[in-house]
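[1] what's the 3D shape of this:
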Amino acid sequence: MTTSGSVDFGHTRTQLIESALRKCGVLREGVSATSDQLTSGALALNPIIKALQVDGMPLWAIRESAIFPIHDVNTVTLGPSGGHAATTYVHTQLGAALAAAATAVTVDSTTGMSASDVIGIELDSGNIFWTTISGAPGSSTTLTLASGVTTAAAADNHVYTYTSKTVRPLKIIQAQRFDYTDSSESPMVILSRDEYIRLGNKTGEGEPNQIYYEPRFPAGIASFFPRFSNGNSIIKIWFQRPFEDMDAAGDTLDFPQEWESAIVWELAAALAFEHGVPERKTGMIQQKAAAERGLALMFGQ
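    Predicted coordinates for the structure are as follows:
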């Protein structure tokens, strides 16, 4: 017996729509969908993908990101155009002190850093100075800033760099404060809106131990308490990320393969109404869609 050795099966957007239309009896075998059918199918498919986000916290869509120390504020926007938070980042420390206005920087290591990366340097005041890296790092320990630091920074102060900001979280499910001085982690309490509003002096500084998240669009807002007092620590968050849209005909699903059948049947159920499929057959399609969705959800918990 010979097997394929391949495990990369996946429907394109066009194949998903045509498969759903065949299940509805709208397309005969061997017939391709018209451009109008593909357009209406795509308009039905993307809302289904977004609606599936409410099913909970699928393990395959959980991501970890870091919220970097930000001085004098207790909120940060989370999203591609948001504040200083990233899924992939570099932490290092200053290898030599910096005077005010300095742009030439020595760090313990530049590994993982690139030209134009965002960089945050802890100043002696405890503030974090944010700018970008000008050009590629000069060596394994030296780099140049796009603008000079505002005040002095001592050797061993903390440095954070990243290339891209985090995606917008749908829901934060866990948060911890990570302290780079001793590599310790402390759980943070995730608050409800009412609990966060009832907090007292929100301008107090210390080690953040509570967080509240509003999943606004296009960027969510994370509020934490107390504020960062220095650059020693970050907030680690684990969150459910959004599912990607299917924008082009050749796009494949941003789902594990076990969801392929469930989404085809969900789409068939949606298109059955649009194409006037008889009520009895529509009900059968809906039952099959519910069964397939239940199997996929059960496997992913």
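
[2] so residue 81 touches residue 168, yeah?
    No - Residue 81 is beyond contact range of residue 168, at 9.5 Å (criterion: Cβ atoms under 8 Å). Every C-beta, even on glycine, is put in place using the N, C-alpha and C of the backbone.

[3] From the neighbour counts alone, determine which of those two ranks first.
    residue 168 (20 against 9; other Cβ atoms under 10 Å).

[4] one step back: now do the shared contacts for residue 81 and residue 168.
    Common contact partners of residue 81 and residue 168 (Cβ atoms under 8 Å, 6 or more residues apart in numbering): 218, 219.

[5] Flag the shaky bits of this protein, pLDDT-wise.
    The model of the chain has pLDDT under 70 over residues 56-57, 300-301.

[6] Show me which helix runs longest in this structure.
    Ranked by number of residues, the top helix in the chain under DSSP state H is helix 279-300.

[7] Just the buried positions in that helix, please.
    282, 285, 286, 288, 289, 292, 293, 296, 300 (16 or more other Cβ atoms under 10 Å).

[8] cool, and stretch 13-30?
    So stretch 13-30, judged by 16+ other Cβ under 10 Å, has buried residues 13-24, 26-27.

[9] circling back to that earlier point, list the helices and strands the longest helix of the chain packs on?
    helix 13-24, helix 260-274 (3 or more Cβ pairs under 8 Å, 6 or more residues apart in numbering; DSSP states H and E).

[10] Would you reformat the ones you listed as a markdown table and include distance to residue 164?
    Below are the helices and strands packed on helix 279-300 laid out as a markdown table (distance: least, Cβ to Cβ, whole Å):
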| stretch | distance to residue 164 |
| --- | --- |
| helix 13-24 | 25 |
| helix 260-274 | 28 |
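
[11] Closest one of the buried residues of stretch 13-30 to residue 63?
    Nearest to residue 63 among the buried residues of stretch 13-30 is residue 13, at 23.9 Å by Cβ to Cβ.
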